[in-house]
Structures are given as C-alpha cells and as structure tokens.
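Asks: Give me the fold of what follows.
(one chain, ligands or ions: 1)
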Amino acid sequence: MPDIHPGPQPGFAEAHGGPVQVFYRKAGAPRLPTVARAEGIYMWDTEGRRYIDASSGPVVSNIGHGNARVIEAMVAQARKVAFASRAVFENEPNTQLADLLTGLAGPGLEQAFFVSGGSEATEAAIKLARQYAVSIGESGRWKVIGRDPGYHGSSLGALSVTGDPVAQRAFGAMMQTMPKAPAPFTYRLPANHDADSYARHCAAALDAIIRSEGPETVLAFIMEPVGGLATGALVAPDHYYAAVREVCDRHGVLLIYDEVMSGAGRTGTFLAADHWPGARPDLVTLAKGIAAGYTPMGAVLAPNRIVDPVVAAGGFMHGHTYAANPLSCAVGYAVVSEMLDRSLMANAESMGALLRSRLLELQAGSAILGDVRGKGLLMAVEIVGDRETKAILPAQRQAVYRIMDLGIERGLLLYSRRTANGQYGEWLMISPPLIVTPAEIEEIVGRLGDTLAAYEKELRADGVIGKR
Ligand SMILES: Cc1ncc(COP(=O)(O)O)c(C=O)c1O
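Replies: Numbering: from 1, shown residues only. Next up is the predicted model:
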C-alpha cells in the first residue's frame, strides 16, 4: 500500500509549538503541559508535576478524577452493548438515568432527553419549546430571549441566544440573533443602582423587551440561574427569580434554565433552581456534572405538559447519533449515583461555605481581588486594578490568563475566559470537584494566594498598581 499520508515531518511539531493534528490553540500560545493521569482532585503531567484541580476543568469533573465505580460501570456497559440505535432499541441505561434525574429534579420536570453535551442541550431545549408552541397552535412564537452577557454553547443555535458581542461579531451574519435582556450583575453596577434596584431594572427590561418584540412572537427566555463563565458565578437577588417567572407567565413565555454548569449538585442542591422553589423553570438543560467528564453528555428535562403535545403531534424533531447512548447513560447513572451515595451535594454546600469564607479572607489582604461570589462550589473571584473604584485592569495585560499561567507554575489549575474581551470585568472560576475536603480547600486557597501575590508583584513592578 502506498503511504498516502506520511504524517508530520520530524521537527514540525516543535517548529509549530505543538502537535500538528489539533488546531484549537492560539498562535504563539505557550506550550501546555501534557496530562498523564488524574486522581481525586489532582492531575499529573508527563514530566511528573502535580496540579490541584481548583476548577474541575471547565466546571465539569464534579466527582473528581479516576473514580473506580464509574470506570467499572463504563467497562461493564461497554462489554454488554456500547451503542444501539434509538430507532431500533430502547436501552436500560437511558431509562434508568431518566428516572434518576427526573426524580431528583422533582415535580414539573418528569421527562428527560439525553444528548451529547451542553450546546446540544440548548439546541434541543429551544427546539422542544418551539415544537410545543406549534403543537398548541402558537406558531407565531419563535423568539428566544437570552441575557447579555450569557453563555449557552457554541453551535449556531446556541450562539444565537448567547449574549457575547465577540461571537456576535464573528458569526452574527450566519445566525438568527435573538433579543437580549441585561444580566443582573451585583458587583459592577450602573450609576444610581444597587444590586437590588438593578435586579428589578433587569426584570423590568425583560418585560419591556417582550412587549416591544410583541409577546405573541416570544417563545422563551433562557438564563443561567447561577451564572457560569459569562458572568463569573453571578447570583441575582432572590426577588429577581420570582420577577422573571412572573414576567414569563404574564406573557405566556417559557422559562428555560441553563443548568449545564450549575446543575447536578454543584450549588449544593441538585438543580440551582431548587434555591428558588417559587420560581420553577419550564425546561432545564444539564450537561457537564451529570457525567462529570467521564463521557460527553447533556440532557433536557421537561414536563409532561410540554412533551406530550409534541409527541402527539408527531414527535420531537431532534436527536444526534449519540442521543440516549447506552454507554454514556450508564456512565451518567454511575456518576450521579456516586454523587448521591457520597452526599456530595451536602459537601458542596459545606465546602462552598468554607471556600467562600477563606476567599473573603484572601480578599481582605489583596489589592486586586474585587469580588467573591457564587453558590455552593460554583464560585468565582473578580480581578480588578483598584478595589475602591472597581476599575478593570488594562486589557493588554489579559490579567486572568496571566494569573492562570502563574497558577500552573504553582501547581494550581484555574479556569477563565474573558467574557466580551473583559468589557464586563474579568474573573476566575474557583469550582473544585464536589469531593473536595477541608484540607484541599486550604491548599487551593493557599496556592491561589501565592499566585495572586505573584501577579500583584508584577503589576507593582510595572507601575500598574501603586506601591504598598
Ligand atoms: C451555561 C453553559 N451552557 C452551555 C454550555 C455549552 O456546553 P458544551 O461546552 O458542553 O457544549 C456551557 C459550557 O461551558 C455552559 O457553561
């Protein structure tokens, strides 16, 4: 056989700063360590260096790494049947996981549909909402309002409801961009507002947008109940959730909670929605934590009252090849069972409280730690140039990325992406696996303190912040 693809030439990888087969890195980005193995909340690279995973990767590894029960379930299911077409077979892991998750989600979310990840969960949720509207004779409803900023995934449908001006500039021409309501930030606020009044303003803005768009054209409002990366673990004042629910009800608009990051126990309850029981959403998306990084997986939870008319009208028109995949569902079942058996939601609550108090102590001695926020183990710290004025650091410093690099040098793994090039501020997620212990919290906070101190030193040396 002729060698039609000889592969990369010797030295090509070195010359291009990394492997040639992947193209997700930026030009000139420093070479990343190569992961060798992981266990609990620690990871090791191929040079033998150890790192503490303070963010669960991109807030995914909820039960930590190398979990034996999950690996055994994965192997056992793979031996039985890894894949079976949904067109031909029902599969037990699919129905078992659906029972487990809808049981945990409680009344009003009785049905589940499993997909391949968070972006696809967004796609599936907004398509289900649309088919529901059509099935009940409201086919004029198609607009899905998102929040600015917000994040619901990177496929084009998910991007259309994502509030991100940078993605909008790049892909806006290719998609049906949806209206956006302001996110109820609590730290950096417009003049003449406190967090409470701004949250009221944001709920009123949603109402105003629905009216100006024409309520009969608005299908749904999608939001992260506890923010992810886009807002840095934003938690709105309680009254915001009730106000949003009331606005949606008044206009016949479905409320979708994107719980891709906040769900599966991360905030101390199975759904973040459980913190506001009087303001339940109509649809919920999940991903990340339900399979905790052991397999690509997402889900939409929906009530009978929405699913039944869609099924009666011919069925849900969605389903990628890997929907309801037996192997993924078996893994998800083992992950969620592990979370329940080890009481990890309660641990998320208590370790979240410890983490918050230790981060607040860190903040007291820091010139650049502007805000500490979040719920349970979905926490973030906001980085500023001046704690008094809340001024943002100069954009060219790319502060959070530099802090991430300094963290890696100190064996600390953090997670961030500068939303909208930092126009709303910049933050780092501090969201360790839910198995974290008090000693590990101390280690995370200790390493974070060293990392922030090193960064402050750089800023002082460059005259960006004043000398002490
Ligand atoms: C809130 C939220 N929604 C959706 C997504 C998209 O999920 P995925 O990356 O699995 O497609 C993410 C990913 O970070 C997220 O945080």
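Asks: just the helices in the chain please.
Replies: 12-15, 56-59, 68-80, 92-105, 118-135, 156-161, 165-171, 195-213, 238-251, 304-312, 326-341, 344-364, 399-409, 438-461 (DSSP state H).
Asks: Can you name the residue of the stretch 1-150 of the chain nearest the ligand?
Replies: The stretch 1-150 of the chain approaches the ligand most closely through G118 (2.0 Å), counting by C-beta to the nearest ligand atom. Heads up, the C-betas are built off the backbone N, CA and C, glycines and all.
Asks: what's the burial count for that residue?
Replies: G118: 29 surrounding residues under other C-beta atoms under 10 Å.
Asks: Please name the residues that touch it.
Replies: 152-153, 258, 260-261, 285, 287-288, 298 (C-beta atoms under 8 Å, 6 or more residues apart in numbering).
Asks: Could I get the residues you listed in TSV, plus columns for pLDDT, neighbour count and distance to T186?
Replies: As requested, the contacts of G118 are exported to TSV (pLDDT from 0 to 100; neighbours: other C-beta atoms under 10 Å; distance: C-beta to C-beta, whole Å):
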residue	pLDDT	neighbour count	distance to T186
H152	98	32	21
G153	97	22	25
D258	98	33	19
V260	98	29	21
M261	98	29	18
T285	98	31	24
A287	98	27	25
K288	98	27	24
G298	98	28	28
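Asks: which one of those residues sits closest to A129?
Replies: Distance to A129 across the contacts of G118 (C-beta to C-beta) is lowest for T285, with 11.2 Å.
Asks: just to revisit the earlier point, contacting the ligand as well, which ones from the contacts of G118?
Replies: 152-153, 258, 260-261, 287 (C-beta under 6 Å from any ligand atom).
Asks: From those, pick the one nearest Y132.
Replies: Taking the ones next to the ligand among the contacts of G118 together and measuring to Y132 by C-beta to C-beta, the closest member is D258, at 17.6 Å.
Asks: The closest one against F221, yeah?
Replies: No: D258 sits out of contact with F221 when judged by C-beta atoms under 8 Å, with a separation of 10.8 Å.
Asks: doesn't L344 make contact with T267?
Replies: No: T267 is beyond contact range of L344, at 11.9 Å (criterion: C-beta under 8 Å).
Asks: residue contacts, the most centrally placed residue in the chain?
Replies: In the chain, the residue lying closest to the centroid (C-alpha atoms, centre = their mean) is M261, at 3.1 Å. Applying C-beta under 8 Å, 6+ apart, we find M261 in contact with 59, 118, 224, 226, 228-229, 288-289, 378.
Asks: Who wins on neighbours among these?
Replies: Neighbour counts for the contacts of M261 (other C-beta under 10 Å) peak at G289, which has 31 neighbours.
Asks: nearest spatial neighbour of that one, skipping sequence neighbours?
Replies: Nearest non-adjacent residue to G289, counting by C-beta to C-beta, 6 or more residues apart in numbering: A264, 3.0 Å away.
Asks: Could you verify my assumption that that neighbour touches I290?
Replies: Yes: if you go by C-beta under 8 Å, A264 and I290 touch, sitting 4.8 Å apart.
Asks: Touching both of the two, which residues are there?
Replies: Overlap of the contact sets of A264 and I290 (by C-beta under 8 Å, 6+ apart) consists of V336.
Asks: near the ligand, which residues of the stretch 251-400 of the chain?
Replies: 258, 260-261, 287.
Asks: Pick the one among those residues closest to A181.
Replies: Using C-beta to C-beta, these come closest to A181 at D258, 14.1 Å.
Asks: what's across from the closest one in the sheet?
Replies: T285 (DSSP bridges).
Asks: G227 versus that one, what's the distance?
Replies: Distance, D258 to G227, using C-beta to C-beta, to the nearest Å: 10 Å.
Asks: what touches both of these two?
Replies: Joint contacts of D258 and G227 (C-beta under 8 Å, 6+ apart) are G150.
Asks: of T267 and L344, who's got more company?
Replies: Between T267 and L344, T267 has the larger neighbour count (other C-beta under 10 Å), namely 29 against 26.
Asks: Report the separation between that one and the ligand.
Replies: T267 sits 13 Å away from the ligand, taking C-beta to the nearest ligand atom, to the nearest Å as the criterion.
Asks: re the thing from before, sort out for me which of the contacts of G118 are in strands.
Replies: Using DSSP state E, 258, 285, 298 are the members of the contacts of G118 that sit in strands.
Asks: from the residues you listed, which is closest to the ligand?
Replies: Closest approach between the ones in strands among the contacts of G118 and the ligand, by C-beta to the nearest ligand atom: D258, at 4.6 Å.
Asks: quick one, what contacts that closest one?
Replies: D258 neighbours (C-beta under 8 Å, 6+ apart): 118, 121-122, 125, 150, 152, 222-224, 285.
Asks: From those residues, pick the one nearest P394.
Replies: When the contacts of D258 are compared for distance to P394 (C-beta to C-beta), G150 wins out at 25.7 Å.
Asks: Pull the number of nearby residues for that closest one.
Replies: 23.
Asks: nearest spatial neighbour of it, skipping sequence neighbours?
Replies: In this structure, G150 finds its nearest non-sequential neighbour in G163, 4.3 Å apart by C-beta to C-beta, 6+ apart.
Asks: surely that neighbour meets D148?
Replies: Yes: the pair G163 / D148 is scored as a contact, 3.5 Å apart, by C-beta under 8 Å.
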